[in-house]
Every structure is written in C-alpha cells, then in structure tokens.
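Trainee: my questions concern the predicted model and sequence given below.
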Amino acid sequence: MTKKKTLLWSLSLLVILGGGAVFYFRDRVPVLTAETYSAAKSQWETRGLKDYEMDVEVSGVQHGKYRISVKGGDVVKMTEDGIEVPERVWTHWGVKGMFRFLEEELASRKHPSAAYGVSEPESVYLHARFDPKLGYPTRFLRQVFGRKLTVEWRARIVGEN
C-alpha cells in the first residue's frame, strides 16, 4: 500500500472513531418507556405548578423557540421566536400538552408504519428526561432509523432550577 493510501485510511479511521466517540459521549437522554412516562406524569400531577412560564427550544423536522404562559394549568399565551402563536396551537404545549404528545409518541411506536413509515418498532428511538423535582419533561428526542423524522426539544420552567 502506498503512503497516500495509508494516510487516507488512517484519516478515515480517525474520522469514524471521532464521530463514534462524539455520539457515545454526547448528552445521553434516557429511553422513554411507559413506566418512566407514568411516573413523571404522576409526579407532575402531585407536585407540578398551575401557573408558570416555560421556554421550549425545538429542533429537527420542526424548529423554533417558544415561550409558553400557563395559568390554572391552561396555556393562556404562546410566542414562537417572539411572535404570538394562534390559540389553536396552544393545546399542544404547556406541560399538559407535552405529556399528551409523549403518550401519543409511545402509542405510535407500537404501530410505526402509519406514524413513521417504518415496519419495526425497534426503528423508532424515543428518549426523554424529566425534571427530578417536579416531573415535567425537560428533554425529548425522537429518531427514526432511515427516516428524516428527528424531533428534539428542551424545556425549562422559567425561574425553576
């Protein structure tokens, strides 16, 4: 093998190993299961807030930065990148809407052909992290192997640590 080919192979191997290391050591989000979902939802129902403001950053198929205002458990105002969002969209957001979304994702994973266009549930990766104190979802990641359907969001209640 020539020096040029050896160098090319070495560089290729470094790129592959580097990419693998980045993937392996990235911020890991636990797998979303029916059990983790139920535990977090129960925690939110017991300890959660009725009035709060939340920032949500979404990336993937859909993207944007949202500010959600909730009073009495219901969304009363929402902006996307600083622009007010129509009221019909509000139902999908706030912690109540986020839990509904996660429940729908878990159900869709059981029958992935209709929702994601793949035949095997194992092709759908659902991950979520929940606030340890209040139970609300702080991070969600959906990846579908072989499809460009990645959705990721990070949420935080303003003023909560």
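Mentor: That came through, no problem.
Trainee: report the central residue of this protein.
Mentor: F140 (1.8 Å; Cα atoms, centre = their mean).
Trainee: which helix or strand contains that residue?
Mentor: Assigned by DSSP states H and E, F140 belongs to strand 137-144.
Trainee: pairing partners for that strand, with directions?
Mentor: With DSSP bridges as the test, strand 137-144 is paired with strand 124-130 (antiparallel), strand 151-157 (antiparallel).
Trainee: which of these sits closest to K65?
Mentor: strand 151-157 (10.1 Å; Cβ to Cβ). Heads up, the C-betas are built off the backbone N, CA and C, glycines and all.
Trainee: in the helix or strand harbouring S113, what's buried?
Mentor: With elements taken from DSSP H and E, the one containing S113 is helix 112-116. Across helix 112-116, burial judged by 16 or more other Cβ atoms under 10 Å covers 112, 115-116.
Trainee: just the helices in the protein please.
Mentor: Using DSSP state H, the helices of the chain run over residues 3-25, 34-47, 87-90, 94-110, 112-116.
Trainee: which elements pack onto the second one?
Mentor: This means helix 34-47. Judged by 3 or more Cβ pairs under 8 Å, 6 or more residues apart in numbering; DSSP states H and E, the packing partners of helix 34-47 are helix 94-110, strand 124-130.
Trainee: how about T33: what's its closest non-neighbour residue?
Mentor: Closest residue in space to T33, ignoring its immediate chain neighbours: L106 at 8.0 Å, by Cβ to Cβ, 6 or more residues apart in numbering.
Trainee: pretty sure that neighbour sits against L126.
Mentor: Yes. Between L106 and L126 there is a contact under Cβ atoms under 8 Å: 6.8 Å.
Trainee: neighbour-wise, which of those two wins?
Mentor: The neighbour comparison of L106 against L126 (other Cβ atoms under 10 Å) goes to L126, with 21 against 17.
Trainee: ok, that one - contacts?
Mentor: With contact set as Cβ atoms under 8 Å, 6 or more residues apart in numbering, L126 has these partners: 31-32, 105-106, 109, 140-142.
Trainee: tell me the bridge partners for it.
Mentor: L126 has these beta-bridge partners by DSSP bridges: R142.
Trainee: so how far is V29 from it?
Mentor: When Cβ to Cβ, to the nearest Å is the yardstick, L126 and V29 sit 10 Å from each other.
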